[in-house]
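> Below is the sequence, then the predicted model.
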Amino acid sequence: MNKILVLRPILLRISDGRFFITVFFWLFRGLACLNVLAILWSSWKLWSNLPSGAPIELFIGTLLAEVFLIGIGFIVFNVLWLRADDTMKLPRAKDYSVTPIVVIAIKASGEIIASLSILFGIALSLTTFVAGSSSVMSSIPFTFPLPGAGSPVLSLISGIVSGFLALAVFYFIAETVGAVVDIARNTKKR
């Protein structure tokens, strides 16, 4: 019978916690590198949409948007790279090996969304203040409209508030998932 059960070593390897840790480690690192490419492409798209002979305010607004775009890319790269390291530091667990990785992924998602929201709110506020409109920010791919996009103050406030709320919600979800695993582990021991 053992001769036909050829998948046993593969399934044992998958059941080992290191398999998922390694896969997710490289997934986070790959996403960090893709982030760099996305920022480069977004930067090119931002500058290619700037009309020739544009007023100085629009040029300064585009320059500010570029600075924040690089800042966003830097933060997202850092979050993904550091969370990849956190994944690799997880202890080997036979019982619940994927759930701690999911907790890290949920936290990373919240950190990225919060960073994007806060920095986009600041960038939208500054470009609206300098350029007089939010048209510069709408030319950046992968961005989303914030409430109060016409007002620099409302853009700043809504970016910060929505970023904080996103971070709190994602951390709550991550902590809830982690607590369920802790409860299951403590119940098993008794």
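All right, it came through fine.
> Burial check on residue 81, number of neighbours?
15 (other C-beta atoms under 10 Å). Using the backbone N, CA and C atoms, a C-beta is placed for each residue, glycine as well.
> That one against residue 32, yeah?
Yes: the pair residue 81 and residue 32 qualifies as a contact (C-beta atoms under 8 Å) at a distance of 4.9 Å.
> quick one: secondary structure of the most centrally placed residue in the chain?
The centroid of the chain falls nearest to residue 112 when counting by C-alpha atoms, centre = their mean (3.0 Å). Following DSSP: H, G, I helix; E, B strand; the rest coil, residue 112 is assigned to helix.
> what do you get for residue 95?
Per three-state DSSP, residue 95 ends up coil.
> Number the residues from 37 up from this point.
Got it, the first residue is 37 from now on, which makes the last one we talked about residue 131.
> Flag the shaky bits of the chain, pLDDT-wise.
For the chain, the stretches with pLDDT under 70 are 37-38, 166-186, 224-226.
> switch to 50 and redo it
175-178 (pLDDT under 50).
> so where's the longest helix in it?
Ranked by residue count, the top helix of the chain under DSSP state H comes out as helix 188-225.
> in stretch 104-118, what's buried?
104-105, 108-109, 111-113, 115-116 (16 or more other C-beta atoms under 10 Å).
> Mind checking which of those residues land in helices?
Judged by DSSP H, the buried residues of stretch 104-118 include 104-105, 108-109, 111-113, 115-116 as members of helices.
> now those in a markdown table, with distance to residue 206?
Converted to a markdown table, those look like this (distance: C-beta to C-beta, whole Å):
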| residue | distance to residue 206 |
| --- | --- |
| 104 | 22 |
| 105 | 23 |
| 108 | 17 |
| 109 | 20 |
| 111 | 15 |
| 112 | 15 |
| 113 | 19 |
| 115 | 12 |
| 116 | 15 |
